[in-house]
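can you look at this prediction? I've put the sequence above it.
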Amino acid sequence: MNIGIRIKNLRIEQGMSQEQLANQLHVTRQTVSNWENNKNYPDMSSLKMISDEYGVSFDELLKEDEAFIKNVDETKKKMS
């Protein structure tokens, strides 16, 4: 399962709208929509807030999303 689907499922399980989650994370609703539709990924700060909000580990959020892991690896290489 990719991170976008995971975020969406967690949000829906809590009965929250995209707008409500966006307000809690201090981002726009469009940002949450983009995450859920895999148009882009949350930054590490947002991932930490999502992890805290839903009581899930980073591992649970990220482990199965190969595209996200590849994106992080590529970004790290560019910054080196």
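On my side now, so go ahead. This one's a predicted model, so the numbers in the text were calculated from it and none came from an experiment. Numbers count the residues shown, from 1 in each chain.

separation between the residue most central in space within the chain and residue 80?
By Cα atoms, centre = their mean, the chain has its centre lying nearest to residue 42, at 4.6 Å. Computed with Cβ to Cβ, to the nearest Å, the distance linking residue 42 and residue 80 is 22 Å. Where you see a C-beta, it was placed from the backbone N, CA and C, and this is true even at glycine.

count the neighbours of the spatially closest residue to residue 51 that is not a sequence neighbour for me.
Sequence neighbours aside, residue 58 is the residue nearest to residue 51 in space, at 5.8 Å (criterion: Cβ to Cβ, 6 or more residues apart in numbering). Residue 58: 12 surrounding residues under other Cβ atoms under 10 Å.

kindly report the same for residue 9.
13.

does it count as helix, strand or coil?
Assigned with DSSP: H, G, I helix; E, B strand; the rest coil, residue 9 falls in the helix class.

quick one: residues contacting the closest residue to residue 8 other than its chain neighbours.
Nearest residue to residue 8 in three dimensions, chain neighbours excluded: residue 36, at 4.3 Å (Cβ to Cβ, 6+ apart). Under the criterion of Cβ atoms under 8 Å, 6 or more residues apart in numbering, the neighbours of residue 36 are 4, 5, 7, 8, 11, 18.
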